[in-house]
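Q: Turn this into a structure:
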Amino acid sequence: MATASAVEARKDAERSQQILKELEEQIQNDDRLELVEASLKNTQERADELEFQLSRLKRVCIQKSHLFMHSP
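A: Sure thing, here's the model as predicted:
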């Protein structure tokens, strides 16, 4: 009877270890996902800023070309 209890306790311990390992892997994956999401957000913000700068440059170029075309 004591042997059966020891075997059962060992199986429980192994299952607990497996669950712990899976949880640790899930936490690591979550951490990596958060890093990727932060990187993506920074990339999107940079793209928005570059788009804004490009539109400003286009506007300036158009204004200058209009001035050049209408100058005597």
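
Q: Could you look up the SS state of Ile27?
A: With DSSP: H, G, I helix; E, B strand; the rest coil as the basis, Ile27 sits in helix.

Q: any idea how far it lies from Val36?
A: Between Ile27 and Val36 the computed distance is 15 Å (Cβ to Cβ, to the nearest Å). The way it works is simple: take the backbone N, C-alpha and C, and place the C-beta from them, glycine included.

Q: what about the helices in this protein?
A: If DSSP state H is used as the criterion, the helices of the chain fall at 2-70.

Q: give me the low-pLDDT residue ranges for it?
A: By pLDDT under 70, the weakly predicted segments of the chain are 1, 70-72.

Q: So which residue is dead centre in it?
A: In the chain, the centroid-proximal residue (Cα atoms, centre = their mean) is Glu37; its distance is 1.6 Å.

Q: ok, that one - contacts?
A: Counting by Cβ atoms under 8 Å, 6 or more residues apart in numbering, Glu37 touches no other residue.

Q: What separation do you get for it and Leu23?
A: Counting by Cβ to Cβ, the gap from Glu37 to Leu23 is 21 Å.

Q: Alright, calling it a day.
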